[in-house]
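# just a sequence and a predicted model for now, questions to come.
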Amino acid sequence: METRPFRQFVVKVHSRCNLACDYCYVYELADQGWRSRPRAMSAEVVAHTAERVARHVRAHGLSEVEVVLHGGEPLLAGRAALVGLVERFRAVVPVPVRFSVQTNGTLLDRDFLRLFAELDVGVGVSVDGGREAHDRHRVRPGGTGSWAAARDALRLLADEFRAVYRGVLCVVDVNNDPHEVYRSLLDFSPPVVDFLLPHGNWTVPPPRRVAGSPVTPYAEWLIPLFDRWYDEPVTRVRLFEELLNVVLGGRSRLEGVGLTPTAQVVVETDGAISASDILASSEPAAASTGLHVSRDDFDRALALPEVVASASGRAGLSATCRACSIVAACGGGLRAHRFRAGSGFDHPSVYCPDLFCLITHVRDRAATDLAALA
Ligand code: SF4
């Protein structure tokens with residue numbers, strides 16, 4: 001079994017959000033843990049986290065690490081807290097720390113962007129396409145849309161702060177026209193596009209995914225975009241890049257694609273360590289570990305069942321996945337998507353038919369082009 005140290009630390013600097021997106025895995029699914037957590041990460045928890053990261057770096061001889069400032073909405077933490085965190089980490093961790101922040105964009109004004117440019121913190125914005133697609137889900141608590149605010153932030157990023165622009169994150173809604181969504185995203189000139197499947201599982205299936213049904217609405221949405229991108233890759237699309245990587249026998253750098261073990265660990269605002277905040281969307285107990293940055297090294301998280309299962313590759317998957325012809329490329333999808341109440345995670349992904357259809361399409365296109373070279 002391959003045990004790999006963590007290289008990406010997701011730090012939840014603020015546990016609340018100023019939006020009320022209807023698909024949000026933090027607030028709308030099973031995990032209600034945020035209710036009992038402090039709103040903001042304290043300076044003490046920040047200091048413990050930085051020290052634990054430094055110990056992990058020394059223990060494993062890492063040459064650099066990545067810290068993702070996350071939430072809730074991380075900008076709610078405020079400028080002073082974000083500056084304090086970045087400076088603390090850079091003072092304590094003995095190797096370069098690459099910072100990024102994942103935001104809904106609504107608070108991302110010129111002042112914040114100047115700050116991130118000064119601190120060299122990369123910025124990713126969640127946006128689901130044009131106004132209609134975005135505002136269908138990404139609404140404020142009163143129900144009004146947030147697209148205009150996200151658009152303004154993205155224009156600033158694209159026009160004035162390109163050096164810190166990391167890309168856009170789009171949650172797939174198969175009710176939207178995929179080409180229209182992609183075109184709207186390209187309007188923001190993103191260096192990278194991330195498409196994310198909405199979270200769900202066998203007990204609470206994602207929209208339009210009937211558990212056990214062979215229909216493939218997500219593959220049908222993504223395949224035309226893959227073909228368009230493959231023929232004309234005007235920007236990077238991480239999901240498609242990684243799918244090409246794995247069908248050609250390489251390793252994925254994206255959780256939920258291929259058999260590469262996870263390199264990510266999460267620290268909540270109260271200092272609790274978890275293997276994945278997405279897991280809590282299936283079963284809150286699954287993400288609760290009892291580990292805390294004030295007393296536990298991250299090495300202890302390497303022994304958590306979900307981390308061990310991830311490190312076990314094919315052996316950590318269900319019998320159905322182990323027997324699957326494309327398991328090396330698929331990896332059973334995200335662990336959270338394998339959950340079924342009463343029987344846990346020993347299942348294929350609830351997206352199995354979509355994943356099979358999408359991955360075999362990517363494989364077949366690559367194979368056709370490779371054959372033409374022979
Ligand atoms: S396509 Fe389905 S059965 Fe095959 S590895 Fe992926 S989730 Fe498992």
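Done, it's in.
# what is the longest helix along the chain packed up against?
In the chain, taking DSSP state H as the definition, the longest helix is helix 352-373. Applying 3 or more CB pairs under 8 Å, 6 or more residues apart in numbering; DSSP states H and E, one finds that helix 352-373 contacts helix 217-231, helix 238-247, helix 327-330. Yep, even glycine has a C-beta here, placed from its N, CA and C like the rest.
# the ligand is nearest to which of these?
Closest to the ligand of the helices and strands packed on helix 352-373 is helix 327-330 (CB to the nearest ligand atom; 3.2 Å).
# do the closest one and the ligand meet?
Yes: using CB under 6 Å from any ligand atom, helix 327-330 reaches the ligand at V327, C330.
# get me the contact residues on the protein for the ligand.
320-321, 324, 326-327, 330, 332-333, 348-349, 352, 355-356.
# which of the residues you listed are buried?
C321, C324, I326, V327, C330, G332, G333, P348, S349, C352, L355, F356 (16 or more other CB atoms under 10 Å).
# contacts only, for the second one.
Spelled out, it's C324. C330, P348, F356 (CB atoms under 8 Å, 6 or more residues apart in numbering).
# now the buried ones among the residues of the chain next to the ligand in TSV, with distance to T106?
TSV is the format used below for those (distance: CB to CB, whole Å):
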residue	distance to T106
C321	39
C324	41
I326	39
V327	40
C330	35
G332	35
G333	30
P348	37
S349	32
C352	35
L355	32
F356	37
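# at which residues are the helices of the stretch 101-250 of the chain located?
110-119, 131-135, 147-160, 178-186, 217-231, 238-247 (DSSP state H, counting those that start in this stretch).
# now the fourth one: how far from the chain's centre is it?
The reference is to helix 178-186. 20 Å (CA atoms, centre = their mean, to the nearest Å).
# and if you look at the fifth one?
Per CA atoms, centre = their mean, the displacement of helix 217-231 from the mean C-alpha position of its chain is 20 Å.
# picking up where we left off before, highest mean neighbour count out of the helices of the stretch 101-250 of the chain?
Among these, helix 238-247 has the highest mean neighbour count (mean count of other CB atoms under 10 Å), at a mean of 21.
# what residues does the longest helix of the chain touch?
Contacts for helix 352-373 (CB under 8 Å, 6+ apart): 197, 209, 213-220, 222-223, 226-227, 230, 240, 243-244, 246-248, 320, 324, 326, 329-330, 333, 349.
# go on, stretch 307-319?
1-4, 259, 261-262, 265, 275, 301-302, 321-322, 327-328, 331-332, 335, 338, 345-348.
# list buried residues within those residues.
Judged by 16+ other CB under 10 Å, buried ones among the contacts of stretch 307-319: 259, 261-262, 265, 275, 301-302, 321, 327, 331-332, 335, 338, 345, 347-348.
# does A301 touch I273 like I think?
Yes: counting by CB atoms under 8 Å, I273 is a contact partner of A301 at 5.3 Å.
# common neighbours of the two, please.
V265, T289, L291.
# can you add pLDDT and give the residues you listed back as JSON lines?
Listed next are the shared contacts of A301 and I273 as JSON lines, based on pLDDT from 0 to 100:
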{"residue": "V265", "pLDDT": "95"}
{"residue": "T289", "pLDDT": "84"}
{"residue": "L291", "pLDDT": "96"}
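# in strands, which of these appear?
V265, L291 (DSSP state E).
# dump the shared contacts of A301 and I273 to JSON lines, plus distance to V57.
Converted to JSON lines, the shared contacts of A301 and I273 look like this (distance: CB to CB, whole Å):
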{"residue": "V265", "distance to V57": "13"}
{"residue": "T289", "distance to V57": "21"}
{"residue": "L291", "distance to V57": "18"}
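# and of the shared contacts of A301 and I273, the nearest to the ligand?
V265 (24.0 Å).
# quick check: closest non-adjacent residue to the closest one.
F6 (4.4 Å; CB to CB, 6 or more residues apart in numbering).
# the one you found: neighbour count?
Look at F6: counted by other CB atoms under 10 Å, it has 25 neighbours.
# ok, V53 - contacts?
Per CB under 8 Å, 6+ apart, neighbours of V53: F9, V65, V67, F89, V92, V93, V97, F298.
# among those residues, which ones are in strands?
F9, V65, V67, V97.
# what's the closest of those residues to D135?
Set against D135, the nearest of these by CB to CB is V67 (31.0 Å).
# turn the helices and strands packed on helix 352-373 into TSV, including mean pLDDT.
As requested, those are exported to TSV (pLDDT from 0 to 100):
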stretch	mean pLDDT
helix 217-231	98
helix 238-247	97
helix 327-330	97
